[in-house]
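S.K.: sequence and predicted model, in that order:
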Amino acid sequence: MELKSLDSTKKIAETIAINLKKNDFILLNGNLGSGKTTFSRYLINFLQKKNNRLLEEVLSPTFNIVQYYDLGKDLRIAHYDFYRLKKESEISNIGLLDTAKEFINIIEWPEFIVNSLSEFLQINFIYNVDKNLRSLTFNGKGKWSGFSIND
C-alpha cells in the first residue's frame with residue numbers, strides 16, 4: 001500500500017488504533033526514516049484524543065528503549081524501540097513479556113521478539129529514497145491474520 005501523504009499515514013494509524021486492546025502487539029519494521037515513529041505518533045495521539053487525554057509529544061524511545069503513555073480507563077501504551085538491542089536475551093531484561101498484558105505494545109525494530117509472540121500485527125515500512133516513495137505491507141498472526149486496509 002502506497003503512503004501518498006502524511007495524512008494517509010495518519011488515517012491508517014487511526015484505523016488500526018480503533019481495534020487495539022490490552023496485550024496487543026504492533027510491530028514496526030523499516031529502515032531509518034521510513035515512517036515508523038511518525039506512524040506511532042499518529043496512533044498514540046489518536047488514542048489520547050479519543051480518551052480525552054492531553055496530546056503528548058511522541059518521540060522514538062531509542063535511548064531509553066521504552067516510553068509509556070497513560071490513556072486513562074486502565075489503558076496504557078508501551079512504545080518500545082529495540083534499535084540498540086544486540087541480542088534476543090536483552091528483551092528479558094526489559095520485562096516486556098512480563099508486563100505486555102497490561103499495555104498496548106508498539107515495538108519499533110522488533111526482530112528479536114517476533115518469534116516469541118503468538119499474536120501481532122506487523123507493519124513493514126518501505127522507503128524508496130530515489131523515488132521519495134513510501135509504502136507499507138501488513139503481516140498478521142492470530143486475530144491480526146489476514147489484516148488489510150483498502151486504499
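M.R.: Now that the structure is in, tell me what you want to look at.
S.K.: and the spatially most distant residue from the centre of the chain, what does it touch?
M.R.: Distance to the chain centre peaks in the chain at residue 130, reaching 25.7 Å (criterion: C-alpha atoms, centre = their mean). By C-beta atoms under 8 Å, 6 or more residues apart in numbering, the contact set of residue 130 is empty. Where you see a C-beta, it was placed from the backbone N, CA and C, and this is true even at glycine.
S.K.: residue ranges with poor pLDDT in the protein?
M.R.: 151 (pLDDT under 70).
S.K.: now do the helices in it.
M.R.: Assigned by DSSP state H, the chain shows helices spanning 6-17, 36-50, 90-94, 96-99.
S.K.: ok, back up a step: ok, the residue farthest from the centre of the chain to residue 38 distance?
M.R.: In this view, residue 130 and residue 38 are 20 Å apart by C-beta to C-beta, to the nearest Å.
S.K.: tell me, what residue is most central in this protein?
M.R.: residue 106 (3.5 Å).
S.K.: how about the contacts made by it?
M.R.: Counting by C-beta under 8 Å, 6+ apart, residue 106 makes contact with 26, 28, 40, 43-44, 77-80.
S.K.: run through the bridge partners of the closest residue to residue 148 other than its chain neighbours.
M.R.: If the residues on either side of it in the chain are set aside, residue 148 comes closest to residue 138, at 5.9 Å by C-beta to C-beta, 6 or more residues apart in numbering. For residue 138, the beta-bridge partners are residue 123 (DSSP bridges).
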